[in-house]
Each structure stands twice: as structure tokens, then as C-alpha cells.
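Colleague: Below are the sequence and a predicted model; questions follow.
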Amino acid sequence: MAKLLLALLVAAASATAAAQGVRPAAVLYEGARLFTGDGSAPIERSAFLVENGRFTRMGRQGDVPAPVGAARVDLTGKTVIPALIDAHSHIGYMKNLTSGPQNYTRENILDHMRRFAYFGVAASQAMGSDFGELPFQLREELRAGKDPDAARFLTAGRGLAPLEEISPGNMRHAAYVVTTVEGARADVQELAQRKVPLIKMWVDTRGGTIKTLTPDLYGAILDEAHKQGMRVAVHATAPGDAKNLLRAGIDVFGHMISDVDDELLALFKQHPNTAILLALSAPRRIVSAPWLNPPHPLIRDTVSPAQIKRLQDRLAAQTPEEAAQARQAWDRLARGVRLLAAAGVKIGVGTDGGGQTGDQFVGWTMHAELENMVAAGMTPAQVLVAATRNSAEILGLADLGTVAPGKSADFVVLDANPLDDITNTRRISKVVLRGYEVDRGRLRAGWATGASSN
Ligand SMILES: [Zn+2]
């Protein structure tokens, strides 16, 4: 009896400690359906042990011993997935109705990283829009867990772009302007000194309207990056560019390619380590955005009414001709996604969130994108693996992406099963990052009072 009482007291103390942001040394989470993210079938009525912020054991409920004094959390009826990972975003630019480098402050970046955490995203990769010292400082601070309610901030540093991509107001103002092979190599060497594992370049003629990087220039970027042990992500959507980039050894495509044919599939087969992030949100939302009318409660809780209305108005302003064109483009993209998935191409999740003026809701974009990928023809299981294990691998995050011994205890507890319906990823019960439960109530209250309006 005394033993039981002691155990209860310890458990109560641990629960209180957790609520105050003090992490108990050991917590056994029991009863949930556990989707580990490694592609295997979920474990029904699972148990998993978290010790000092890391997963240490997992299995069926009753089979996982807990150390003396471990706190216990009953998750019966819930589903647990690894925390999600956004492999392509643009962080710090958007702030309510404005977007631009003037918003790129410590406070705004931190606000975005808290939004990601709120939505169950453990890490987000800014793709080439960062500048100055700030991204490197925040990368280190958030990796160390300095703000327990914020996701990890990953930076590609300054991207590499042709002159015509760059204008003062857009996010590519941050980029290195690439004009010569020697200059390109020097830029990559500078990024290597900042220990940027994945860099970003733009190869897009924007429908034939601008001169983009030539194969000798992007070839030099790829060659120098690989020499330095870095990988390269590219913004490229045209099939011809994509094929040349595959031949040149590109590591990651940041966007879906506009059309997929047998030659492209064969090139992906020859380059099995090349991954693709789909970034379907822009082409999909102009065709279908069922979460916007009326706005999903998670959007209402985190986005200002003016920002919601602006997107509603923009979508409503489409002409029937524009809508028909958008539908055609989407059908072609979706067909390509199905072909890539069937061919076993490594697909990750990138939202491209925050990158365009005004109409992207930081954090929410992840859940819209998961729905987009299913709408394109992937299964919920494929999409969840893409958003967890695959995206972690693509970003080189060895301690994220799956629920497995030794990984950081970053996971999302859901009230319903996303394998039944991918939109169940929005039914978030709690988010745990590095073993700490994110204080979602406090974050939501802050946004509601406009403490940080975004
Ligand atoms: Zn982007």
C-alpha cells in the first residue's frame, strides 16, 4: 500500500513537473495505436518509453518495462505518429498581411517556429531565403531546445540564383547572384563554412521569361557542394531542366515537376538517392481548399481574420477559364505524383509555406499538404512516411523521423487515426518535442490576444 501511494505521489509529481516544462526522467506512454514512421503496420495498444527526452523502448502494452518512478501517460484510444517535418519552407517573411525581409526578425522567426510546433512539426527547413547571422544563431539555439515550444529551425543559408530571379522585395533578395563558375564555387565554400548540410539553388526560366542558371553554373555548384560533403536542393519544375539536373547529380527537388514521362522515371531509377518534395499547396488550393470555407478551427485559432479573408477573396476571384486551367495543371501534377510514388522515388514533404505574399498560413500548410498528397493519389501511409522518416532522411536529421530507440522523443498524439483519413492529422491532442509537451494552450492564447499577430 505504501509502495502504491509512493508510486502515485511520484507520478503526480512527474505530471506536475511536465506541466511546468520540467521534463520527468522517464515516461511510459501506454495504450495508443503507434505509427512508428518506418513504413511498418501500426502497433495497436502500444507502449513506448521516453527517457531523458529520447525514445528508449517500444512494443505492445504490457511488454515494455518501466523503470521505478517512471511517470505513466494513458493514451488509450489515441494514435501516435512521429512529429512531422517540413523540408521546404520560407521562414520569417510573413507577418499578418505583409511579407518581406522587413519582417525577418528574431521575434518573427521564433513565432513561426512556435506555429510549426503547435501544428506538430518538429523541424522546418528554410530553403534559401535566410540572410545575416540570425539564422545560424537560431539554428543552434533551437537545436539545443532553448525554447521548448518551438520547432527546430533549419537553414540552407543564402540560396544561389541567377540575377533575374532577384528583386529587393522578394525572398530571393537573400540569394547569392551566380554569374561565373569561380564565383559559384566561392559561394558554396562560404556556405560550407557555415556548416549548411543542404543548400538551395533556383533553375527556372519562369515560363521562358528569364535567363536561368546554365548547366555549367549549376554543375559547378553541385560539384563544389559534393566536394564539401554538402547536398543540393533545387527549385526546378520544367521536365527538361529536371532531366538535366538528374544527370548532373542533383540531390533534392524542392517542387513537383510539371510533367512526368518515362525518360524522367528512368533517370530517377538511375539516381535512387535523389529525392523530391512535392510542394503542392499552390497548385492545389486554387483547385480545392475544403479547409477554407468555413476556415478549419485550427486556422481560426492561429490566423487573423483579415488574412483568412484575403485568401478566400483571392480564390473566389478566379475566372472559370483560370479555374479550368488550374484543374488541368493539377490533374497533370497528380498523375506525375502517382507515377513517382509507384516507381519508388523517395518523396518527402515540403510545404513551401511562408514563401509567397500573403496567403499561406505558417504551420497549417503542413496539414493542407498532407491532404494534397492524398488527393494526388498517394495513400495516407505513404504520405505519413514521407512527412516523417523520408523528410528526416532528406534533411540529414538522424535523430528525428521515426519512433525508434535513441531518437529524440518528438511525436504527435492524435484523437483519430490518420490512416483512415489523412485529415485526422489535424485532430491534435498533444505535441511532444524533445520529451516536453508543447504548451499549445499558451501559444493559442497568445495568438488570440494578438501578442504576436501573424
Ligand atoms: Zn520555396
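Modeller: Structure received. Residues are numbered from 1 along each chain as shown.
Colleague: ok but residue 323 is inside a helix, no?
Modeller: Yes - using DSSP: H, G, I helix; E, B strand; the rest coil, the assignment for residue 323 is a helix.
Colleague: Give me the pLDDT value at it.
Modeller: If you check residue 323, the pLDDT there is 94.
Colleague: Likewise for residue 8?
Modeller: pLDDT at residue 8 comes out at 45.
Colleague: and what of the one 4 residues further on?
Modeller: The per-residue pLDDT reported for residue 12 equals 44.
Colleague: got it, and residue 452?
Modeller: The predicted structure scores residue 452 at 48 on the pLDDT scale.
Colleague: Report all helices and strands that the helix or strand residue 114 falls within contacts.
Modeller: In this assignment (DSSP states H and E), residue 114 forms part of helix 106-118. Judged by 3 or more CB pairs under 8 Å, 6 or more residues apart in numbering; DSSP states H and E, helix 106-118 is in contact with strand 121-126, helix 134-143, strand 152-155, strand 428-433, helix 440-448. Placement of C-beta: from N, CA and C, glycine included.
Colleague: for those, which one sits closest to the ion?
Modeller: Among the helices and strands packed on helix 106-118, strand 121-126 comes nearest to the ion, with 9.1 Å by CB to the ion.
Colleague: what angle sits between the closest one and helix 106-118?
Modeller: Put simply, strand 121-126 runs at 130 degrees to helix 106-118, going by axes from the mean of the first three to the mean of the last three CA atoms, to 10 degrees.
Colleague: Identify the residue spatially nearest to residue 345, adjacent ones excluded.
Modeller: Using CB to CB, 6 or more residues apart in numbering and skipping the chain neighbours, the partner closest in space to residue 345 is residue 268 (4.8 Å).
Colleague: Burial-wise, tell me which of the helices and strands packed on helix 106-118 comes out on top.
Modeller: Comparing the helices and strands packed on helix 106-118 by mean neighbour count (mean count of other CB atoms under 10 Å), strand 121-126 comes out on top with a mean of 30.
Colleague: quick revisit: secondary structure class for the residue nearest to residue 345?
Modeller: Following three-state DSSP, we place residue 268 in the helix state.
Colleague: can you pull the pLDDT of the residue of the stretch 51-200 of the chain found nearest the ion?
Modeller: The minimum distance from the stretch 51-200 of the chain to the ion, using CB to the ion, falls at residue 127 (4.8 Å). Per-residue pLDDT puts residue 127 at 96.
Colleague: Distance to residue 418 added to the helices and strands packed on helix 106-118, as a markdown table?
Modeller: Formatted as a markdown table, the helices and strands packed on helix 106-118 follow (distance: least, CB to CB, whole Å):
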| stretch | distance to residue 418 |
| --- | --- |
| strand 121-126 | 14 |
| helix 134-143 | 26 |
| strand 152-155 | 22 |
| strand 428-433 | 11 |
| helix 440-448 | 18 |
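Colleague: of these, which approaches residue 245 most closely?
Modeller: strand 121-126 (18.9 Å; CB to CB).
Colleague: Can you list the strands that the closest one pairs with?
Modeller: Applying DSSP bridges, strand 121-126 is found paired with strand 84-89 (parallel), strand 152-155 (parallel).
Colleague: Throw the ones you listed into a markdown table and include mean pLDDT, thanks.
Modeller: A markdown table is the format used below for these (pLDDT from 0 to 100):
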| stretch | mean pLDDT |
| --- | --- |
| strand 84-89 | 98 |
| strand 152-155 | 98 |
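Colleague: Using JSON lines, lay out the ones you listed together with distance to residue 246.
Modeller: JSON lines is the format used below for those (distance: least, CB to CB, whole Å):
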{"stretch": "strand 84-89", "distance to residue 246": "18"}
{"stretch": "strand 152-155", "distance to residue 246": "24"}
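Colleague: on that earlier part again, what about the residue of the stretch 51-200 of the chain closest to the ion, distance to residue 267?
Modeller: Going from residue 127 to residue 267 by CB to CB, to the nearest Å gives 23 Å.
Colleague: Tell me which of these two has more neighbours.
Modeller: A count of neighbours by other CB atoms under 10 Å puts residue 127 above the other of residue 127 and residue 267, at 31 against 16.
Colleague: Would you mind confirming that that one is in contact with residue 252?
Modeller: No - look at residue 127 against residue 252 with CB atoms under 8 Å: they stay out of range, at 9.5 Å.
Colleague: Between those two, which contacts overlap?
Modeller: Applying CB atoms under 8 Å, 6 or more residues apart in numbering, one finds that residue 127 and residue 252 are jointly contacted by residue 233.
Colleague: For the spatially closest residue to residue 198 that is not a sequence neighbour, the count of nearby residues, please.
Modeller: In space, and not counting its chain neighbours, residue 198 is closest to residue 231: 5.0 Å by CB to CB, 6+ apart. By other CB under 10 Å, 23 other residues sit near residue 231.
Colleague: Pull up the gap between residue 231 and residue 273, please.
Modeller: The gap separating residue 231 from residue 273 is 9 Å, by CB to CB.
Colleague: wouldn't residue 390 be in contact with residue 346 here?
Modeller: Yes - counting by CB under 8 Å, residue 346 is a contact partner of residue 390 at 5.8 Å.
Colleague: Overlap in contacts, those two.
Modeller: In contact with both residue 390 and residue 346: residue 275, using CB under 8 Å, 6+ apart.
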